[in-house]
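1. Kindly generate the corresponding structure for this input.
(one chain, ligands or ions: 2)
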Amino acid sequence: MSAGTGWGVALDEDFHVHSTFSDGRSTLAENVVTARARRLRTLCLVDHVRRDTAWLPEFAAAVAPYRGLPGMRVMAGVEAKVLDTSGRLDLPPRLDGIDVVLIADHQFPGDDGPVHPDRVRAAIGDGSMTEAEAIERLCAATEKALSAVDRTSLLAHLFSLLPKMGLDEAMVPGALLSDLARRAAQAGAMAEINEKWSCPAPRTVAALARAGVPLVAGSDSHHARDIGVYDSVRATATARA
Ligand SMILES: [Zn+2]
Ligand SMILES: [Zn+2]
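-> Ligands and ions are numbered 1, 2, ... in the order given. Take a look at the predicted model:
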């Protein structure tokens with residue numbers, strides 16, 4: 001099945017599938033069975049990590065037997081949030097057996113660590129931070145995180161944080177977007193079009209594509225039934241804004 005769309009996003013791949021190793025409801029085995037039944041070409045098994053996550057060797061060992069399956073490329077990924085303005089990621093020190101690091105905007109990267117988006121929304125409301133500052137700082141930290149990863153990285157649900165802070169992707173200045181896209185391309189990163197969070201928007205995707213960043217589809221599934229099922233991804237991938 002060939003399922004290419006605008007911007008070359010293949011809809012027969014899923015780069016963002018969670019399992020019971022973190023907060024998913026399905027096991028790795030259930031995810032693999034479903035992905036094969038749906039004839040996916042690529043399956044990236046991903047779980048949430050923190051600095052003190054201890055199960056990574058077990059996870060990598062559990063993914064390994066699936067790598068030889070005919071017709072489907074299976075990879076192991078970890079999803080880590082950007083912690084602070086220096087771009088530090090919430091990652092364990094050793095990533096043996098991990099192919100891809102998903103860089104995630106789960107919290108606002110503050111000077112001293114992650115800040116809940118509600119607090120940033122409040123800071124914007126009381127004037128102690130401007131909307132432009134919040135957007136600039138998020139972009140700057142994301143750029144720095146890109147250079148902190150020593151293997152393939154993937155910008156996961158880029159800008160999913162903005163609506164949580166009362167902001168919108170359309171408010172990101174074009175120059176900032178181009179800078180971020182260029183840095184991602186330089187770092188050899190990929191970018192995900194994410195089904196669960198319906199982001200990034202076509203304008204952002206277009207900027208990433210112009211810079212040469214490979215674009216991939218991710219369901220962010222937490223249950224096998226959602227693997228490779230794309231509605232918003234399909235809409236974005238065919239929008240070609
Ligand atoms: Zn996430
Ligand atoms: Zn995720």
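2. now the protein, which segments are flagged as low pLDDT?
-> Across the chain, the ranges flagged by pLDDT under 70 are 1-5, 240-241.
3. With adjacent residues omitted, what lies nearest to the residue most central in space within the chain?
-> Note on the chain: the residue nearest the mean C-alpha position is residue 156, at 1.0 Å, using CA atoms, centre = their mean. Counting by CB to CB, 6 or more residues apart in numbering, residue 156 lies nearest to residue 102, which is 4.0 Å off, once chain neighbours are set aside. The C-beta positions use only the backbone N, C-alpha and C, and glycine is treated the same way.
4. Counting by contacts, list what whichever helix or strand that neighbour is part of packs against.
-> Assessed by DSSP states H and E, residue 102 sits inside strand 100-104. With contacts taken as 3 or more CB pairs under 8 Å, 6 or more residues apart in numbering; DSSP states H and E, strand 100-104 sits against strand 13-17, strand 42-48, strand 73-81, helix 131-147, strand 152-155.
5. what residues does this protein put near ligand 2?
-> 79, 220 (CB under 5 Å from the ion).
6. Where do the helices of the chain begin and end?
-> For the chain, the helices defined by DSSP state H occupy 28-37, 56-63, 117-125, 131-147, 161-164, 174-186, 202-211, 232-237.
7. Could you double-check that residue 60 lies in contact with residue 97?
-> Yes - counting by CB atoms under 8 Å, residue 97 is a contact partner of residue 60 at 2.8 Å.
8. shared neighbours, these two?
-> residue 76 (CB atoms under 8 Å, 6 or more residues apart in numbering).
9. Grab the nearest non-local neighbour of residue 67.
-> residue 74 is the one closest to residue 67 (CB to CB, 6+ apart), at 5.2 Å.
10. Quick check: the one you found touching residue 32?
-> Yes - assessed by CB under 8 Å, residue 74 is found in contact with residue 32 at 7.0 Å.
11. what's the overlap in contacts for the two?
-> Taking CB under 8 Å, 6+ apart as the contact rule, residue 74 and residue 32 both touch 43, 45, 66.
12. and which of those is nearest ligand 2?
-> Distance to ligand 2 across the shared contacts of residue 74 and residue 32 (CB to the ion) is lowest for residue 45, with 11.4 Å.
13. Write down the beta-bridge partners of that closest one, one by one.
-> For residue 45, the beta-bridge partners under DSSP bridges are residue 17, residue 76.
14. Am I right that it is in contact with residue 22?
-> No - the pair residue 45 / residue 22 is not scored as a contact, 10.7 Å apart, by CB under 8 Å.
15. who has more neighbours, the two?
-> Higher neighbour count among residue 45 and residue 22: residue 45, with 27 against 17, using other CB atoms under 10 Å.
16. what about that one, distance to residue 97?
-> Distance, residue 45 to residue 97, using CB to CB, to the nearest Å: 11 Å.
17. Repeat that for residue 182.
-> For residue 182, the distance to residue 97 - CB to CB - is 31 Å.
18. Same question for residue 23.
-> Applying CB to CB to residue 23 and residue 97 gives a distance of 21 Å.
19. Between these two, point out the one with more neighbours.
-> With neighbours defined as other CB under 10 Å, residue 23 and residue 97 compare such that residue 97 has more, 15 against 10.
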